[in-house]
Every structure is written in structure tokens, then in C-alpha cells.
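Asks: Take this sequence and fold it.
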Amino acid sequence: MASLQELLEQKEALDREIENTKQQERAQAIEKVRSLMSQYGLTVADLAAGNPAKKGKTGKKVAAKYRNTKTGETWSGRGLQPKWLKAQLAAGKKLSDFAV
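Replies: Residues are numbered from 1 along each chain as shown. Alright, predicted model coming up:
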């Protein structure tokens, strides 16, 4: 069985080896990024600009198409119907009764 001192020395050696490996892999990653940037003609500004494929999507809210006149709750008509609307439709009302 190894002594505490031997284990501590092994730990220090491993810590040094981990740090060296991190530095080497980081340098390799930087070189790979530089190579890709050169290959595609990219700049640092291009990287900061974000994803150009997502330019058209702004994430705007969709206007409400249906409103519960009793509570003021609304639904855009997208996704699952809300519980209040399902209950009203089950009670015999029409979807057009709630149109905004």
C-alpha cells in the first residue's frame, strides 16, 4: 500500500499532466478554429454576429384570434386548445363564438 506522501506526489504529477494536456488541446482547438476561419473567410465579427441561418426568425407573439368574454383569456389558434375553450366547445358553443 502506498503512503500518503507517495499518493500526494502522484496527485501532483497527475495535476501537472492534466494542465499540460489542457494547454496542448486548447492550442490544437485554436489552430483548428483559425484553419476553419481561414478556409471559410470568417472574421471574429462573423462569430460575434450569431447564426446567420436564423436571421428571419424574430420570435414575435401571434395576435389572439379567440377570447373568453367572461375571463378575458385569449388563444392565438396555435397549439393545443386551452381548457376554457375545450369546456365551452363541449358545452355546445361554436369556435366562431369566441373569435376576436
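Asks: I'd say residue 63 and residue 77 touch.
Replies: No: counting by CB atoms under 8 Å, residue 63 does not reach residue 77; the two are 9.4 Å apart. C-betas here are computed from N, CA, C, even on glycine.
Asks: quick one: which of the two has more around it?
Replies: Comparing residue 63 with residue 77 by other CB atoms under 10 Å, the one with more neighbours is residue 77, at 14 against 9.
Asks: Next one: that one from residue 44, what distance?
Replies: From residue 77 across to residue 44, the span is 43 Å (CB to CB, to the nearest Å).
Asks: do the same with residue 22
Replies: Applying CB to CB, the value for residue 22 to residue 44 is 23 Å.
Asks: same thing with residue 34?
Replies: Here the criterion is CB to CB. By it, residue 34 lies 11 Å from residue 44.
Asks: who has more neighbours, the two?
Replies: residue 34 (11 against 8).
Asks: Over the helix or strand the more buried one falls within, what's the mean pLDDT, rounded is fine.
Replies: Residue 34 is part of helix 4-40, with elements assigned from DSSP states H and E. Across helix 4-40, the average pLDDT comes to 96.
Asks: just how off-centre is it within its chain?
Replies: On the basis of CA atoms, centre = their mean, to the nearest Å, helix 4-40 sits 28 Å off its chain's mean C-alpha point.
Asks: What are the buried residues along that helix?
Replies: Residues of helix 4-40 classed as buried: none (neighbour count, 16 or more other CB atoms under 10 Å).
Asks: Report the residue ranges of every domain in this structure.
Replies: With domains defined by automatic domain parsing, the chain comprises 4-52, 66-98.
Asks: ok, residue 65 - contacts?
Replies: 75-77, 99-100 (CB atoms under 8 Å, 6 or more residues apart in numbering).
Asks: Now flag whichever of those residues is closest to residue 85.
Replies: Nearest to residue 85 among these: residue 75, at 6.0 Å, using CB to CB.
Asks: In contact with the closest one, which residues are there?
Replies: By CB under 8 Å, 6+ apart, the residues touching residue 75 are 64-67, 81-82, 85, 98.
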